[in-house]
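Participant: Based on what follows, work out the 3D shape:
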Amino acid sequence: MNKPRPPRNEKTRFRKPSRFGLVLFSLLLITFAGYLIQKLYVIQIVDYAKNAQDAAAQHYKKVAEMPDRGLINDSNGIELAGTTYVYQIGMTPKDVRSLSESLSRDAIGAAVAQILELPPEELAAALEKKDTVYVQLKKNVVREQAEKLMAYLSEHNVGGFAIDSEPRRYYTNETFGSQVIGYTRYDMGNLVGQLGLEMQYNDVLTGSPGYTYVETDNYKYNGELPFSVPTSLRAKDGQNLNLSLDINIQKIAQEELAEAIRVNDITDGGTAIVMNPYSGAILAMASYPYFASSDPTACPDTRDKATWGGSSQEDIDYLSSTVWRNRAISDTYEPGSTFKGITTAIAFDENLSQETELFSDSPMYVLRQEIHCYTISGHGTESVLDAFYHSCNPIFAQLSQRIGVSRYYQYIRAFGFRDITGIDLPAEAVGQIHTQPTELDMATLSYGESATVTPLQLATAYCVFANGGNLIRPRLVQSITDSTGAVVREFQPETIRKVISEQT
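Facilitator: Take a look at the predicted model:
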């Protein structure tokens, strides 16, 4: 029979922990402490800058202030292009509340609906969508209406609404010089020039954005915290372009060009240029067909409105190649009889002929190529002046032979036909002039065939005759001013070179 075990002493009731357990526990504790220290080191030391930035981003709201795009004015100070704003209004329903007043959500909704001219029941229904992150209330809100809403939200310290502004470019004269002025598109909060001066001077017109940093609470779209002091960097508005274009001369040029195209049943467009020969200032520059800068994809006069969409690839290709194209600087063509003035000026400048000298208009041969008057039989013997009147090719071919190939093409370069004019517009082309000319090349070019020029190249060359023999660079922008009207830069007439003598 087993002896009964004596009762256990209270001190022996709990076993003494083993050394292994203590060591393991200590290691785990040290490891955890090390992990915490390492995490704190990363948070407070290594990632301090990033975490501080993230915290500031939650505590502060950055509100962008976009600059106004600069104006474009004609030579009389008449505004041709300016900027206005439309606004998109939305809200986060669960965040709509007043931070300082006991306004009910229904009262806020009714007030906002009245300002935006929305049905009250529509806004009340939108307020019930508390699980929706963002509800758009109204698009294309005019500035006056948006400012009235902003005043209400500020006065009653109401949060939960988003008011996003979107700039819109307006053009006061629709088709006035549209290929010259160009148009813009809205991209990532900015207006970006797509054509003409809007594109050429985009950086000048754009300006610099500003920002306001305000302290906010934890509710998205809420206003600044009471008694907080915002930090602001004011936006710098774009600078203004003051052009040489004269609205009255431009209108006449466009009307006359359209009429000439209609009367002569021209199907492939046309261009007109009016230029001050002494300063190079462009007073008018028109390209037909016209378009409205405020609606560049609208149906042009040369297309059927019933079938026009404006967005198909075919329509866009037509707009790009025909309607938006500034023919004055981008089209090249054989100048024809207009080039006879260039040939005559070279001959006179070299004292190789005079206007009363008589020439035979009989057919002639250059490198076995016959050159004859358009009448075939010709006009017999005639002076240089008569040759101009009758437009007789052989006379000018004979003048070119007196000049000689080398000297003739030196003058062609001097008149600017191998280079762009350098006008302040994008996409300027240059004509094709013989690089290794023969006598036949020279003879045919003497009356404007076998080579090409742009309309502006020819107009600039003809200004040489009127201003005393100087090649002047054409220009559209006469000055740049800031938003206060102060002149930032003024452009003076630029003489490129002397081409012919004043006596010529």
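
Participant: How confident is the prediction for V42, by pLDDT?
Facilitator: At V42, the model reports a pLDDT of 70.

Participant: Could you measure from it over to G34?
Facilitator: According to CB to CB, to the nearest Å, V42 and G34 sit 13 Å apart. C-beta: built from backbone N, CA, C; applies to glycine.

Participant: okay, how far is it across stretch 236-249, tip to tip?
Facilitator: 34 Å (CA to CA, to the nearest Å).

Participant: Please shift the residue numbers so they start at 6 in all later answers.
Facilitator: In the new count, where the first residue is 6, that last one comes out as stretch 241-254.

Participant: how about it: buried residues?
Facilitator: In terms of neighbour count (16 or more other CB atoms under 10 Å), stretch 241-254 has its buried residues at 241-252, 254.

Participant: Among these, which ones are in strands?
Facilitator: 245-248 (DSSP state E).

Participant: Can I take it that F393 is in a strand?
Facilitator: No: assessed with DSSP: H, G, I helix; E, B strand; the rest coil, F393 is helix; it does not lie in a strand.

Participant: ok, now which ones touch it?
Facilitator: 345, 349 (CB atoms under 8 Å, 6 or more residues apart in numbering).

Participant: mind listing the strands for the stretch 406-509 of the chain?
Facilitator: With DSSP state E, counting those that start in this stretch as the criterion, the stretch 406-509 of the chain has strands at 475-477, 482-486, 492-495, 500-503.

Participant: Now do the first one: everything it contacts.
Facilitator: To tie it back to what came earlier, the one meant is strand 475-477. Against strand 475-477 from outside (CB under 8 Å, 6+ apart): 282-285, 419-421, 465-466, 468-469, 498-504.

Participant: hang on, the earlier thing: could you look over the strands of the stretch 406-509 of the chain and pick the most buried one?
Facilitator: Greatest average neighbour count among the strands of the stretch 406-509 of the chain goes to strand 475-477 (a mean of 21), per mean count of other CB atoms under 10 Å.

Participant: nearest to I485, of the buried residues of stretch 241-254?
Facilitator: Closest approach between these and I485, by CB to CB: Q244, at 5.1 Å.

Participant: Please state the backbone phi and psi of that closest one?
Facilitator: Main-chain torsions, Q244, degrees, to the nearest 10: phi -90, psi 160.

Participant: So E454 is in contact with G341, correct?
Facilitator: Yes: using CB atoms under 8 Å, E454 is in contact with G341, at 7.0 Å.

Participant: more neighbours, the two?
Facilitator: E454 (17 against 11; other CB atoms under 10 Å).

Participant: and the closest residue to the more buried one other than its chain neighbours, what is it in contact with?
Facilitator: In space, and not counting its chain neighbours, E454 is closest to E339: 5.5 Å by CB to CB, 6 or more residues apart in numbering. Taking CB under 8 Å, 6+ apart, we find E339 in contact with 453-457.

Participant: ok, now how distant is E339 from S455?
Facilitator: For E339, the distance to S455 - CB to CB - is 7 Å.

Participant: Okay, now the unreliable bits of the stretch 156-305 of the chain?
Facilitator: For the stretch 156-305 of the chain, residues meeting the criterion pLDDT under 70 lie at 218-235.

Participant: go with 80
Facilitator: 194, 216-238 (pLDDT under 80).

Participant: just so I have it, where are all the helices in it?
Facilitator: 183-186, 201-205, 207-211, 252-268 (DSSP state H, counting those that start in this stretch).

Participant: Going by neighbour count, which residues of the last one are buried?
Facilitator: Looking back up the chat, that one is helix 252-268. So helix 252-268, judged by 16+ other CB under 10 Å, has buried residues 252, 254-256, 258-259, 262-263, 266.

Participant: what's the longest strand in the protein?
Facilitator: strand 84-96.

Participant: Quick check: can you name the pairing partners of whichever helix or strand comes after it and their directions?
Facilitator: Downstream of strand 84-96, the first helix or strand assigned by DSSP states H and E is strand 102-103. Sheet partners assigned to strand 102-103 using DSSP bridges are listed as strand 163-164 (antiparallel).

Participant: before we move on, the earlier item: what strands line up against the longest strand of the chain, and which way round?
Facilitator: By DSSP bridges, strand 84-96 pairs with strand 77-78 (antiparallel), strand 140-147 (antiparallel), strand 166-176 (antiparallel).

Participant: So what's the gap between the last one and the chain middle?
Facilitator: Here strand 166-176 is found 18 Å from its chain centre; the criterion is CA atoms, centre = their mean, to the nearest Å.

Participant: Give me the contacts around that strand.
Facilitator: Contacts of strand 166-176 (CB under 8 Å, 6+ apart): 71, 73-74, 85-97, 101, 117, 139, 151, 154-155, 158, 183, 186, 188-189, 191, 195-196, 203, 226, 297-299.
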